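In: Predicted model and sequence follow; I will ask about them next.
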Amino acid sequence: FVRTKGGGGVGHVLADWTGKCKVETNETARAGATVTVAGQTTKSNGPGDYAITDVQPGVYTGLVNATGYSPAQPQVTIVSGASTTTDIPLVPIPSAATVSFVGSDGVGIPQVEVQVKGGASPTTLFTNATGIATTSLAPGDYSLTVNYTSTGSPAVHYAGQASLHVPFGGQPVAATIRNE
């Protein structure tokens, strides 16, 4: 929390696993986040609580940093003689993901639709001229599926699937789907 003289309250730093930038019941506290407001800096404790006191009334942009998360910059309005509660959701740093779709000969197949399921919402990718598609993914487990029929003549059907685990921390990941 951020409070003026005589005020009090509670603030929390939480992991925003859904990417909706709001605190939800299943999200977990983040200990050790650095919270800065009005030139004062503190760290969140085990339950994610933090406190900054004796802040002059006004509007401030805070800064919150934690390892493995994108920085947050919450806006905080301090009113004289009152406490201000600011819960701060942190979004995990996404990973660069490379998905390759190859034939039985190991050569990339271009212009193929790849369905990615898992995480906050499903997405569709298309492979480039060398059979590679790229995207950013939040930490989690993903299912990659190709079930695609080309629009050319003659039409060609492609199919295959793979799994991809994206670890916490933003490290690049890759998966290869083989045409079945």
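Out: Right, received. Where do you want to start? Numbers count the residues shown, from 1 in each chain.

In: so which helix or strand takes in the nearest residue to residue 132 once chain neighbours are set aside?
Out: Leaving aside its sequence neighbours, residue 132 sits nearest to residue 100 (Cβ to Cβ, 6 or more residues apart in numbering; 5.2 Å). To be clear about C-beta, it is placed using only N, CA and C from the backbone, and glycine gets the same treatment. Assigned by DSSP states H and E, residue 100 belongs to strand 95-102.

In: Please report the distance of the residue nearest to residue 132 from residue 171.
Out: Residue 100 is 18 Å from residue 171, where distance means Cβ to Cβ, to the nearest Å.

In: So for the two, which residue has more residues nearby?
Out: residue 100 (19 against 11; other Cβ atoms under 10 Å).

In: which SS state does residue 141 fall under?
Out: Judged by DSSP: H, G, I helix; E, B strand; the rest coil, the three-state class of residue 141 is strand.

In: separation between it and residue 166?
Out: Distance, residue 141 to residue 166, by Cβ to Cβ: 8 Å.

In: Comparing those two, which residue is more hemmed in?
Out: Between residue 141 and residue 166, counted using other Cβ under 10 Å, the more crowded position is residue 166 (24 against 11).

In: list the contacts for that one?
Out: Applying Cβ atoms under 8 Å, 6 or more residues apart in numbering, we find residue 166 in contact with 95, 97, 137-142, 173.

In: Mind giving me the ChimeraX command for buried ones among these?
Out: Entered in ChimeraX, the line below selects the buried ones among those, by 16 or more other Cβ atoms under 10 Å:
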select :95,97,137,138,139,140,142,173
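
In: if we can go back for a sec, quick one: residues in contact with the strand holding residue 100.
Out: So strand 95-102 is contacted by 108-109, 112, 114, 116, 125, 127, 131-139, 144, 146, 158, 160, 162, 164, 166-167, 169-179 (Cβ under 8 Å, 6+ apart).

In: wait, residue 140 sits on residue 121?
Out: No. The pair residue 140 / residue 121 is not scored as a contact, 11.7 Å apart, by Cβ atoms under 8 Å.
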